[in-house]
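# sequence? don't have it. structure:
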DNA sequence: TATTGTTATACTCTATAACTATA
DNA sequence: TATAGTTATAGAGTATAACAATA
């Protein structure tokens, strides 16, 4: 008989992630962004990136998967996609001012909702531990894929 | 300019969940279980359940999705699937002793790995807060779907 | 010959519709 | 007629393969 002091981490975290994602969708929709588009804006905001394949990997997508996403973001002026002068096969990807504004607006709404509906339900100590743990654990979780 | 004191919760949690899931797969494979099969065993361990549709919903699957899973688990003697005498349309689902042993063995291995590779990297305070928060937040995350 | 981006194709997973049996 | 389970079919999302441009 196993001492069931806790459930499996994945069994708690995966449904929680799904619920958070589901809650983001209407907010993103209100800001006229898809989840993939938003993820790309988040990633490019950190720093420009040199190839689409690298960007795709950074957001956990296939390189063929994000082409339509980039087409759309570029057409709306949210990102720049310029051939690298030093290697014209590659596309230099960066965020425009408009892209940054769109990202900020969406992210502010998302984090506001997270504060109100999620973090507010934790004690200050648990909230602090939760955020610290996520910061620590999510770092290499993203890298390992 | 947004104060980027933290990333979006979903942006941290979803990749973490994916990494945890990925790490479970080889362990489950070593115990000759699929992820869906394991999820069913976990759910049935809590208590028997009266219809397949209810079980499917409890594990976040479509009712057509788990039929093959149940076929396999039943054939290997891990679950019982008996027509309800009071309503022979429904199937009473419960865990056998063999199913419980299989679940325990897999779960012990999974949680051992989680302790070593995940929780051990947190400070005691963060670990406590993390687990408390997950317990609180995952409760209704599962219900809301 | 190798790499970047793109397009076309195939595949996996999931949900929908249609069917059988029980009520 | 309505519901539980099953099977067959269709759809969404993703990855694989093939291609054009550049190195």
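Received, thanks. A quick note: this is a predicted structure, and the numbers were derived from the prediction, not measured.
# The residue most central in space within chain A: what secondary structure?
What sits nearest the mean C-alpha location of chain A, by C-alpha atoms, centre = their mean, is residue A:39, with 3.8 Å. Under DSSP: H, G, I helix; E, B strand; the rest coil, residue A:39 falls in the helix class.
# what number of residues lie near the residue lying closest to it once chain neighbours are set aside?
Nearest non-adjacent residue to residue A:39, counting by C-beta to C-beta, 6 or more residues apart in numbering or on different chains: residue A:59, 4.5 Å away. Every residue, glycine included, has its C-beta placed from N, CA and C. Using other C-beta atoms under 10 Å in any protein chain shown, the number of residues around residue A:59 comes to 21.
# got a list of what residue A:59 touches?
A:36, A:39-40, A:43, A:66 (C-beta atoms under 8 Å, 6 or more residues apart in numbering or on different chains).
# redo that, cut-off 7 Å
Residue A:59 sits next to A:39-40, A:43 when contact means C-beta atoms under 7 Å, 6 or more residues apart in numbering or on different chains.
# Show me what from chain A comes close to DNA strand C.
With C-beta under 7 Å from any atom of the strand as the criterion, chain A meets DNA strand C at residues A:51-54, A:63-64, A:67, A:70, A:87, A:89-91.
# Can you pick out the most distant pair from the residues you listed?
Greatest spatial distance among these (C-beta to C-beta): A:64 and A:87, at 20.3 Å.
# DNA strand D contacts on chain A?
Applying C-beta under 7 Å from any atom of the strand, we find that chain A lies next to DNA strand D at A:61-62, A:64-65, A:87-89.
# Phi, psi for residue A:64 please.
Backbone torsions of residue A:64, given as degrees, to the nearest 10, read phi -80, psi -20.
# Revised request: answer the last question for residue A:90.
The phi/psi pair for residue A:90 (degrees, to the nearest 10) is phi -90, psi 160.
# One more: residue A:91?
According to degrees, to the nearest 10, residue A:91 has phi -120, psi 120.
# okay, now it: neighbour count?
Applying other C-beta under 10 Å, we find 19 residues neighbouring residue A:91.
# Which residue is the nearest non-sequential neighbour of the residue in chain A positioned nearest to chain B?
When scored by C-beta to the nearest C-beta, chain A has residue A:129 as its residue closest to chain B, at 1.7 Å. Leaving aside its sequence neighbours, residue A:129 sits nearest to residue B:129 (C-beta to C-beta, 6+ apart; 1.7 Å).
# which SSE is the one you found in?
helix B:124-143 (DSSP states H and E).
# repeat for residue A:54
Using DSSP H and E, residue A:54 sits within helix A:52-58.
# got it, and residue A:114?
Here residue A:114 is assigned to helix A:97-117, by DSSP H and E.
# Mind giving me the packing neighbours of that helix?
Where contact means 3 or more C-beta pairs under 7 Å, 6 or more residues apart in numbering or on different chains; DSSP states H and E, helix A:97-117 is packed against helix A:9-30, helix A:35-46.
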